[in-house]
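**Q** build me a structure from this.
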Amino acid sequence: MEAWKAYLEEHKDRFLEELLDLLRIPSVSADSTYKEDVARCAEAVKKAMLDAGCDTAEVCPTDGHPIVYGEKMVDPALPTVLVYGHYDVQPADPLDLWTSGPFEPVIKDGKIYARGACDDKGQFYMHIKAFEVMAKTNTLQCNVKMMIEGEEEVGSSNLGKFLETHVDKLKADIVLVSDTSMISMEHPSIETGLRGLAYLEVEVTGPNRDLHSGVYGGGVANPINELCKMIASLHDENKHITIPGFYDKVQELTDAERKALNDAPFDLDEYKQDLKVNDVAGEKGYSTIERTGIRPTLDVNGIWGGYIGEGAKTVLPSKAYAKISMRLVPNQVSDEITAMFQKHFENLATPGTTVKVTPHHGGEPVVTPTDGKAYQAAAKAIQTTFGKDPIPTRGGGSIPIIALFERILGLKTVLLGFGLDNDNIHSPNEKYDVANYYKGIETIPYFHKYFAE
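**A** Numbering: from 1, shown residues only. Alright, predicted model coming up:
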């Protein structure tokens, strides 16, 4: 343990510079413009694995962006930890809201500002550096396999095929993931569940071309007006989702479980102040913690149509579009919810319009066990480095592949995240505290130690 600390202290500046170099690569998986950059990032991750001490590492092609796989097998008799993360990042838009270049990382007030700083380059890179700490000090007590993909932000559509094809290669005892957050550095926590996801795009078409709003306005349906009414109808006055059957399989928590969830430290005034809102909103009858962790949601992620350029153009548009996501909870199934949405939304079409719904991707909700040795090892590792027992929480985000780890590989997952909820992931000015980065590198070797024990 002293050797770990000494090695980390000696190399911490290099560890940080290497992360900054990785953040400079614009590995945006959703935009084909960045395809070569995504491939370049995969090669950089492979090199980092080999430099850290992996016996082998390879860039594995898929029908989309590649997966990087590396391993070090110390002894087949030892436990094996499979580390998962992703090197792809969200698009940086809107660029004008960034205070510095999204792929020009800067450190301000002890925080790294860059796209991917927290989600997930900063967090998966902690594992490579923690592995290096153990490998270079000859203290590795587990076999380590690392699988870092390039399509998490677009639904991990090819990772399931990779799992099915490489079941033997990926044999392990547990999956370890850092792509989640904790309450704060003062209140460390471990997420014990994630919501699922169903993501779709809708298109409403009216006339066969854009029209002059003076000549035709009032005579034909305006697709933007109709789309707004349709979207508004998806919630009632209590913010309940109105899609028939949507809540049929929702797993309700007991009063005791809800109380335990709400006992976690949470300052509502601080929450509102951070977001610069004068009040919170959401499903009636539930607290903010519950609304963002254990309840399903439906949100518009983008909406467009007509003229949005500078100045005025009196146009009645032919089409209107929206991207819509639904976060799901146990025991909802993403394909079933997608089908429910599609049927309901198509039925909302008004006279003079047609509706098209295009599913994009989805993933299943998961709950991870807290009574196994892997969770206990993670909790003990947190206690060792933070000096406090972690608080179990439910995460509102989604990692679609987690459910497939269990279904295809038969493996449970531990979500050992070091991000913070206010790290602006998926938003302009994404950040990651340098202290959290180092704390992760310090803590992860203890997980391996305690899991081996």
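**Q** for the biggest helix by length in the chain, packing partners?
**A** Criterion DSSP state H: the longest helix present in the chain is helix 2-23. Judged by 3 or more Cβ pairs under 8 Å, 6 or more residues apart in numbering; DSSP states H and E, the packing partners of helix 2-23 are helix 35-52, strand 111-113, helix 121-136, helix 434-452. Where C-beta positions appear, they are placed from N, C-alpha and C, glycine not excepted.
**Q** how distant is the first one from the center of its chain?
**A** The offset between the C-alpha centroid of helix 35-52 and the centroid of the whole chain comes to 21 Å, using Cα atoms, centre = their mean, to the nearest Å.
**Q** only alpha carbons, please: show it as CSV.
**A** Presented in CSV, the C-alpha positions along helix 35-52 are these (Å, rounded to 0.1, in the frame of the first residue of the first chain):
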residue,chain,number,x,y,z
LYS,A,35,-14.8,8.9,-37.4
GLU,A,36,-11.0,9.2,-37.8
ASP,A,37,-10.7,10.9,-34.4
VAL,A,38,-12.7,8.1,-32.8
ALA,A,39,-10.3,5.5,-34.4
ARG,A,40,-7.3,7.6,-33.3
CYS,A,41,-8.6,7.7,-29.7
ALA,A,42,-9.0,3.9,-29.7
GLU,A,43,-5.3,3.5,-30.7
ALA,A,44,-4.3,5.9,-27.9
VAL,A,45,-6.3,3.8,-25.4
LYS,A,46,-4.5,0.6,-26.6
LYS,A,47,-1.1,2.3,-26.2
ALA,A,48,-2.1,3.4,-22.7
MET,A,49,-3.0,-0.1,-21.7
LEU,A,50,0.3,-1.5,-23.0
ASP,A,51,2.3,1.2,-21.4
ALA,A,52,0.5,0.6,-18.1
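**Q** now do stretch 166-179: distance from first to last residue.
**A** 23 Å (Cα to Cα, to the nearest Å).
**Q** list the contacts of that stretch.
**A** Stretch 166-179 is contacted from outside by 69, 79-86, 119-120, 123-124, 126-127, 143, 145, 147, 152, 163, 374, 399, 402, 405, 408-409, 411-418, 440, 444, 447, 451, using Cβ atoms under 8 Å, 6 or more residues apart in numbering.
**Q** can you tell me which of those residues are in strands?
**A** The strands, defined by DSSP state E, take in 69, 80-86, 143, 145, 147, 413-415 from the contacts of stretch 166-179.
**Q** hmm, who's touching the longest helix of the chain?
**A** Helix 2-23 is contacted from outside by 41, 44-45, 48, 87, 103, 105, 112, 114-117, 121-122, 125, 129, 132-134, 136-137, 139, 434, 437-438, 441-442, 445, using Cβ under 8 Å, 6+ apart.
**Q** all strands of the stretch 201-350 of the chain, in order?
**A** Along the stretch 201-350 of the chain, the segments classed as strands by DSSP state E, counting those that start in this stretch run 211-212, 297-305, 315-316, 319-328.
**Q** need those strands in TSV (columns: mean pLDDT and distance to Thr288).
**A** Formatted as TSV, the strands of the stretch 201-350 of the chain follow (pLDDT from 0 to 100; distance: least, Cβ to Cβ, whole Å):
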stretch	mean pLDDT	distance to Thr288
strand 211-212	94	44
strand 297-305	97	12
strand 315-316	94	40
strand 319-328	98	14
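**Q** can you say which of those is packed in most?
**A** strand 319-328 (a mean of 21; mean count of other Cβ atoms under 10 Å).
**Q** same for it, what does it pack against?
**A** Using 3+ Cβ pairs under 8 Å, 6+ apart: strand 319-328 touches strand 196-205, helix 223-232, strand 297-305, helix 334-347.
**Q** that strand pairs with which strands?
**A** Sheet partners assigned to strand 319-328 using DSSP bridges are listed as strand 196-205 (antiparallel), strand 297-305 (antiparallel).
**Q** tell me which of the ones you listed lies nearest to Ala264.
**A** Among these, the nearest to Ala264 by Cβ to Cβ is strand 297-305 (19.4 Å).
**Q** now tell me what touches the closest one from outside.
**A** By Cβ under 8 Å, 6+ apart, the residues outside strand 297-305 that reach it are 199, 223-224, 227, 231, 234-235, 241, 243, 283, 291, 317, 319-327.
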